[in-house]
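Colleague: Below is the sequence, then the predicted model.
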Amino acid sequence: MTDVRAADDRAAAIEAGALAAVERLLAAGTPYSGLSMQRIADEAGVARSTLYLYFREKNALLIRLSSGLKDGSYQLMSSWSPDGPDALDRLSATIRDVIAYYRRRRHLLRATLESADRDPEVGRVWADELDPFQELCRHWIRTAQAQGRTAADVDPVTASQVIVIGGFRVIAQQAVAGDPGRDATVAHELAANQWYGAFRRPT
C-alpha cells in the first residue's frame, strides 16, 4: 500500500510539475506554437520519455490547464442576478470583472484559443466549457418571459448562443489585446446589448 501511495504521489508531482512548466513558459512570453515536449520536459525537470507517460502530446497539457480556466468566470457570471433596478449596472460591472479575470490569465487564454482553431479536440473541449453559460442564460431568459419582463418572441436557445459565444469573443479580444482603459466601455456596451436584446427586450 505504501508503494502504491508513493507511486501515486510521484505521478501527481510529475503531472503538476509539467502543467506548471507550461504555464511558466507561456507567462514568460513563449508562443504556444513554439513549445515542444522536449522544452516542456526540460522546464519541468523530467525526461521527455517520462513526460510522454503522462501526456501523449502538448495539447493534452493545454486541455488540462484550460479545463478550469472558465470556472472563475462562471463563478462571476452566476453571481449576477437580473433582478433589481440596478441589474444592468451590475451586469456591466460583472462583465468588467470577467475581462479582468481573463486578462490576468491571457497567456493561457491566448494559447487555448490559438490551439482551439487548429486542433479539433481542444476546440471541442473549449466549446463544451461554454455550455454552462448558455444554460444559465436560457434560465434567465425563460424566467423573464414567465414574468412578462421580456418579449415572448425571444428564442432562449438562439439568444443564449448569441450572448455567450458572441460575448465571449468580445471579452477575449479585450482581455488579450485591448486597452485596459476601455474595459468599462466595452463591458457597458456588451451588457446593454445583452440586456435590451434578450433579458429585457421590449414587448
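Modeller: It's in.
Colleague: Can you report how many residues neighbour R124?
Modeller: Neighbourhood size, R124 [other C-beta atoms under 10 Å]: 12. Glycine gets a C-beta too; all of them are placed from N, C-alpha and C.
Colleague: and the residue nearest to the spatial centre of the chain, what does it touch?
Modeller: When C-alpha atoms, centre = their mean is applied to the chain, the residue found nearest the centroid is K70 (3.3 Å). Residues near K70 by C-beta atoms under 8 Å, 6 or more residues apart in numbering: E129, L130, F133.
Colleague: likewise A187?
Modeller: Residues in contact with A187 (C-beta under 8 Å, 6+ apart) are S92, A93, I95, R96, I99.
Colleague: That one: which element?
Modeller: Using DSSP states H and E, A187 maps to helix 183-194.
Colleague: One more: A41?
Modeller: With secondary structure defined by DSSP H and E, A41 is part of helix 37-44.
Colleague: Just put the contacts of A187 in TSV and tack on secondary structure, neighbour count and pLDDT.
Modeller: TSV is the format used below for the contacts of A187 (DSSP: H, G, I helix; E, B strand; the rest coil; neighbours: other C-beta atoms under 10 Å; pLDDT from 0 to 100):
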residue	secondary structure	neighbour count	pLDDT
S92	helix	21	98
A93	helix	17	98
I95	helix	27	98
R96	helix	21	98
I99	helix	24	98
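Colleague: Kindly indicate which of those residues lies nearest Q194.
Modeller: I95 (8.5 Å; C-beta to C-beta).
Colleague: Quick check, the closest one in contact with A191.
Modeller: Yes: checked against C-beta atoms under 8 Å, the pair I95 and A191 is within contact range at 5.5 Å.
Colleague: where do the contact lists of the two overlap?
Modeller: Here I95 and A191 share no contacting residue, scored by C-beta under 8 Å, 6+ apart.
Colleague: if we can go back for a sec, export the helix holding A187 as CSV, just CAs?
Modeller: Once non-C-alpha atoms are left out, helix 183-194 reads as follows in CSV (Å, rounded to 0.1, in the frame of the first residue of the first chain):
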residue,chain,number,x,y,z
ASP,A,183,-12.7,47.8,-20.2
ALA,A,184,-15.6,49.7,-18.6
THR,A,185,-16.8,51.0,-22.0
VAL,A,186,-16.6,47.5,-23.6
ALA,A,187,-18.4,46.0,-20.6
HIS,A,188,-21.1,48.6,-20.7
GLU,A,189,-21.8,48.2,-24.4
LEU,A,190,-21.8,44.4,-24.2
ALA,A,191,-24.1,44.5,-21.1
ALA,A,192,-26.5,46.9,-22.8
ASN,A,193,-26.7,44.7,-25.9
GLN,A,194,-27.5,41.6,-23.8
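Colleague: out of everything not next to it in sequence, what's closest to S79?
Modeller: Spatial nearest neighbour of S79, excluding adjacent residues (C-beta to C-beta, 6 or more residues apart in numbering): T94 at 7.3 Å.
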